[in-house]
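> Provide a 3D model corresponding to the input given below.
(one chain, ligands or ions: 1)
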Amino acid sequence: MIAKYQVYLVGGAVRDALLALPVIDHDWVVTGATPEQLEQQGYQQVGKQFPVFLHPKSKEEYALARKEKKQGQGYTGFICDFSPDISLEEDLERRDLTINAIAQDKDGALIDPFHGQQDLRDRVLRHVSDAFIEDPLRILRVARFAARFHHFGFTIAPETIRLMQTISTSGELSSLSAERVWKELEKALNTQHANIFCSVLKEVNALDKLFPELVWEEDLNLIESLSQKNITPAQRWAMLCKNTPLAQLTRLHERIRCPNQFKILAEQTRSFIENQHIPMDSIAWESWLVCVNAIKKPQPYVLLIEVLSHLTNSDIHDWQSLRNTIATINAAPFIKQGLSGAELGQALKKARTEALDKTLSPLIN
Ligand SMILES: Nc1ccn([C@@H]2O[C@H](COP(=O)(O)OP(=O)(O)OP(=O)(O)O)[C@@H](O)[C@H]2O)c(=O)n1
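From the prediction side, this is the model:
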């Protein structure tokens, strides 16, 4: 006979529904149950650290209500109590923000012991309890919620800012893995206010600790560029890194194990900006177009020139016509003439440079 247990919707799904945002993921909390009971019902355990299960049909996440107590350093240093007598309120109390600590029962009633609904109305990101400091990742989470909800007018409660500063100075940020930091950063880059993510981290003294190589300077052009709807997270990253010297940027990418798609775009962008003071003739443009693989990789090239045209306030069509110019030149006639190897390469380069000369005269420089 299975004892009666209760299931509640929690976290982001309740918060986003109250903000009238689309809900994608549903996280559930189960009280009054044991892992064995859930397994008997066909739930599949997935959490190694915590008792988290997948629903047999929907595959949504169901976690046993739990209390956590920090023991050692880092993410793994937790003692986790998930006995069936842990109450919903106890589970909500260990959560990061009041707006993330609202639960909804199966009849739709809200359970909100930490006044998350009031904070949603007041547009405040506020920690639930002192347990907030037990997880340094929460600094990044709050910074990204501040970015994501900036357009609603959300601010961070001063007492939460103080706790974030305490975490920063404790040295705990260094215990976060590159993967976890990257995941939060990537989510922030999916918002239209990624600059807020950086400025919050700076305010709580975490930016220097998490991304010491990043040269972060906000300007109106950058804020406006980042806020465009139709740009990719990789383009936002390239924009955010525009002031970071190339050598530092390469080190940063290595350290945070940045995916190639982000790394290449940001480094190409920075490299262009770094050399912008050098006048470009047709030879230089040809080398640059070859270097950024403009012919063979037209899609990444479009992403690059979209970023550059925003950052340098120039017309994207100019860059497009440069690519189009060299794209029309192909090797076939030179091969017919009997050229191959280095000779063929030189002939192509010469032809591209001459064509660029004609395109360039009415355009750039
Ligand atoms: N370090 C963390 C991670 C998660 N949570 C809690 O677990 C819930 C689910 O976490 P997650 O799915 O990572 O985030 P969401 O809040 O659902 O937000 P998102 O829309 O980004 O998925 C959060 O709402 C919060 O209550 C927490 O307190 N501390």
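
> Number of residues surrounding whichever residue of the stretch 151-300 of the chain sits closest to the ligand?
Nearest to the ligand, among the residues of the stretch 151-300 of the chain, is Lys187, at 6.0 Å (C-beta to the nearest ligand atom). Heads up, the C-betas are built off the backbone N, CA and C, glycines and all. Close neighbours of Lys187, defined as other C-beta atoms under 10 Å, add up to 18.

> His150 too?
20.

> Touching, it and His193? I think so.
Yes: using C-beta atoms under 8 Å, His150 is in contact with His193, at 4.0 Å.

> if we can go back for a sec, the residue of the stretch 151-300 of the chain closest to the ligand contacts Ala143, doesn't it?
No: applying C-beta under 8 Å, one finds Lys187 not in contact with Ala143, separated by 10.2 Å.

> Domain parsing of this structure, as residue ranges.
1-121, 282-360 (automatic domain parsing).

> Out of those domains, which gets nearest to Ile161?
Of all these, domain 1-121 sits nearest to Ile161, with 12.9 Å by C-beta to C-beta.

> any residue of that closest one up close to the ligand?
Yes: interface with the ligand: domain 1-121 contributes Gly11, Gly12, Asp25, Asp27, Arg95, Asp96, Asn100, Ala101 (C-beta under 6 Å from any ligand atom).

> on that earlier part again, between the domains of the chain, which one is nearest to Lys209?
domain 1-121 (14.7 Å).

> Could you report the separation of the closest residue in space to Arg180 that isn't next to it in sequence from Ser271?
Nearest in space to Arg180, with sequence neighbours left out and distances taken as C-beta to C-beta, 6 or more residues apart in numbering, is Leu137 at 5.8 Å. Relative to Ser271, Leu137 is positioned 32 Å away (C-beta to C-beta, to the nearest Å).

> Pull the contacting residues for the residue of the stretch 151-300 of the chain closest to the ligand.
By C-beta atoms under 8 Å, 6 or more residues apart in numbering, the contact set of Lys187 is Arg144, Arg148.

> Would you mind measuring from it to Pro233?
Distance from Lys187 to Pro233, counting by C-beta to C-beta: 9 Å.

> residues contacting Ala103?
For Ala103, counting by C-beta under 8 Å, 6+ apart, the contacting residues are Tyr8, Leu9, Val10, Val14, Val29, Leu88, Leu92, Leu110, Ile111, Asp112.

> Not counting sequence-adjacent ones, nearest residue to the last one?
With C-beta to C-beta, 6+ apart as the measure, Ile102 is the residue that lies nearest to Asp112, at 4.7 Å, once sequence neighbours are left out.

> That neighbour is in contact with Arg15, isn't it?
Yes: taking C-beta under 8 Å as the definition, Ile102 is a contact partner of Arg15 at 6.6 Å.

> Can you work out which residues contact both of these two?
Overlap of the contact sets of Ile102 and Arg15 (by C-beta under 8 Å, 6+ apart) consists of Gly116.

> out of those two, which sits in the busier spot?
The neighbour count for Ile102 versus Arg15, taken as other C-beta under 10 Å, is higher for Ile102 (27 against 22).

> can you map out the strands along the stretch 51-200 of the chain?
52-54, 61-64, 67-70, 78-81, 103-104, 110-111, 124-125, 155-156 (DSSP state E, counting those that start in this stretch).

> CSV please, covering those and showing distance to Lys4.
Below are these laid out as CSV (distance: least, C-beta to C-beta, whole Å):
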stretch, distance to Lys4
strand 52-54, 18
strand 61-64, 15
strand 67-70, 21
strand 78-81, 21
strand 103-104, 17
strand 110-111, 17
strand 124-125, 36
strand 155-156, 40
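
> would a markdown table of those strands with mean pLDDT be doable?
A markdown table is the format used below for the strands of the stretch 51-200 of the chain (pLDDT from 0 to 100):
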| stretch | mean pLDDT |
| --- | --- |
| strand 52-54 | 95 |
| strand 61-64 | 95 |
| strand 67-70 | 82 |
| strand 78-81 | 83 |
| strand 103-104 | 98 |
| strand 110-111 | 98 |
| strand 124-125 | 98 |
| strand 155-156 | 98 |
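
> so which of those gets nearest Ile278?
Across those, closest to Ile278 is strand 155-156 (C-beta to C-beta), at 42.8 Å.

> Run the chain-centre distance for that closest one.
The chain centre lies 19 Å from the centre of strand 155-156; the measure is C-alpha atoms, centre = their mean, to the nearest Å.

> so who does the nearest residue to Glu354 once chain neighbours are set aside touch?
Sequence neighbours aside, Ser282 is the residue nearest to Glu354 in space, at 7.5 Å (criterion: C-beta to C-beta, 6+ apart). Ser282 makes contact with Thr353, Glu354, Leu356, Asp357, Leu360, according to C-beta under 8 Å, 6+ apart.

> Same check on Glu39?
Here Glu39 is in contact with Gln45, Phe53 (criterion: C-beta under 8 Å, 6+ apart).

> please redo it, this time with the cut-off set to 7 Å
By C-beta atoms under 7 Å, 6 or more residues apart in numbering, the contact set of Glu39 is Gln45.

> now do Glu172
With contacts defined as C-beta under 7 Å, 6+ apart, Glu172 is in contact with Pro136.
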